[in-house]
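Q: With the input below, show me the fold.
(one chain, ligands or ions: 1)
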Amino acid sequence: MSYINYEVREQVAVVSLNRADAGNAQNAALLAELDDAFAKAVADEGVRVIVLRAEGKHFSTGHDIAPAVLETEPWKSMFDDVDQTGMLRMYDWESSHYFGYSRRWRDIPKPTIASVQGACVAAGLMLCWPMDLIVAADNARFSDPVARMGIGGVEYQAHGWEWGARKAKEMLFTGGWMGVEEAHRLGMVNRVVPLDKLDEETFALASQIAKMAPHAMRMAKRSINAMLDAQGQTTALNYGFETHSLGHANAWATHKQVTTAGLAEMTEGNKTAGKV
Ligand code: ZN
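A: As a prediction, this is how the structure comes out:
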């Protein structure tokens, strides 16, 4: 693995995004490695808890949209022949990768903890939201600015579940930042800790949970996730992904671009995220 570090310490798998020089922006290879790392942790009977953390200043600045990277991303080539194939190849790819990963990671049959510092932007939310718990540093901040790109939100449309309907609308309508204290108050973040204590505090929580009975943890998780499903979360997430895909299709139909605003603004979005 080149974009992900993986180690097991005291029954805790520590999975680290290791692309700090790019703000842990996500390309297809990083996500595939991350999916492999989670699968490895699930298969290892010695692992009881999984921590997802990130090297560097920022947890993740979203999907990598640097022009040079885009040329090599699988979905970019789909736009090159979209006039022949329509949007369904793109829809299928995002369904199984971006959306599919987040859906699968939500249901990992072991407790998962995200450990977040700095910027967590757009697809960054798709990494931490599917985790069971979120421990955040006091400098963490969150944003989904993709409405500026002509799309209603990221592929995993969990904003309303994480922030409540009214706040989720404000965040999507403005594309602004939410500070960590507000994210904590709204229930998205479990604990806020000093940045220099983030790893220590996250690992302490993971170690505490690792001492609990694994089967009980699995059943506790299943029951709470079932509660979310009974409230309609799966249906709402599926609908959110459909509207996201309609956003892509509309941008292509009207502007022949990946998004209404185009790649230049997307790239600017990554740069902005890197500045905070
Ligand atoms: Zn998309």
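Q: Tell me how far stretch 148-156 lies from the chain's centre.
A: 13 Å (CA atoms, centre = their mean, to the nearest Å).
Q: swap in stretch 134-143?
A: With CA atoms, centre = their mean, you get 13 Å for stretch 134-143.
Q: what residue ranges in this structure are flagged as low confidence?
A: Residue ranges of the chain with pLDDT under 70: 1, 70, 257-276.
Q: what ranges do the helices span in it?
A: 28-43, 67-70, 74-80, 82-85, 88-94, 100-106, 125-128, 159-163, 165-174, 180-185, 198-210, 214-230, 233-255, 263-275 (DSSP state H).
Q: Just put the ones you listed in a markdown table and tack on mean neighbour count and distance to residue 150.
A: Placement of C-beta: from N, CA and C, glycine included. Output for the helices of the chain, formatted as a markdown table (neighbours: other CB atoms under 10 Å; distance: least, CB to CB, whole Å):
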| stretch | mean neighbour count | distance to residue 150 |
| --- | --- | --- |
| helix 28-43 | 18 | 22 |
| helix 67-70 | 13 | 17 |
| helix 74-80 | 15 | 14 |
| helix 82-85 | 12 | 16 |
| helix 88-94 | 17 | 14 |
| helix 100-106 | 19 | 21 |
| helix 125-128 | 26 | 19 |
| helix 159-163 | 20 | 17 |
| helix 165-174 | 14 | 13 |
| helix 180-185 | 16 | 26 |
| helix 198-210 | 18 | 35 |
| helix 214-230 | 13 | 29 |
| helix 233-255 | 16 | 5 |
| helix 263-275 | 16 | 9 |
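Q: For those, give me JSON lines that also has distance to residue 7.
A: What follows is the helices of the chain, written out as JSON lines (distance: least, CB to CB, whole Å):
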{"stretch": "helix 28-43", "distance to residue 7": "10"}
{"stretch": "helix 67-70", "distance to residue 7": "27"}
{"stretch": "helix 74-80", "distance to residue 7": "29"}
{"stretch": "helix 82-85", "distance to residue 7": "41"}
{"stretch": "helix 88-94", "distance to residue 7": "31"}
{"stretch": "helix 100-106", "distance to residue 7": "19"}
{"stretch": "helix 125-128", "distance to residue 7": "18"}
{"stretch": "helix 159-163", "distance to residue 7": "29"}
{"stretch": "helix 165-174", "distance to residue 7": "34"}
{"stretch": "helix 180-185", "distance to residue 7": "26"}
{"stretch": "helix 198-210", "distance to residue 7": "11"}
{"stretch": "helix 214-230", "distance to residue 7": "20"}
{"stretch": "helix 233-255", "distance to residue 7": "31"}
{"stretch": "helix 263-275", "distance to residue 7": "27"}
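Q: Mind checking the ones you listed for the one nearest to residue 8?
A: Closest of the helices of the chain to residue 8 is helix 28-43, at 7.8 Å (criterion: CB to CB).
Q: residues making contact with the closest one?
A: 1-4, 6, 8, 13, 15, 17, 19, 24, 47, 50, 52, 64, 73-75, 97-98, 101, 104-105, 108-110, 127 (CB atoms under 8 Å, 6 or more residues apart in numbering).
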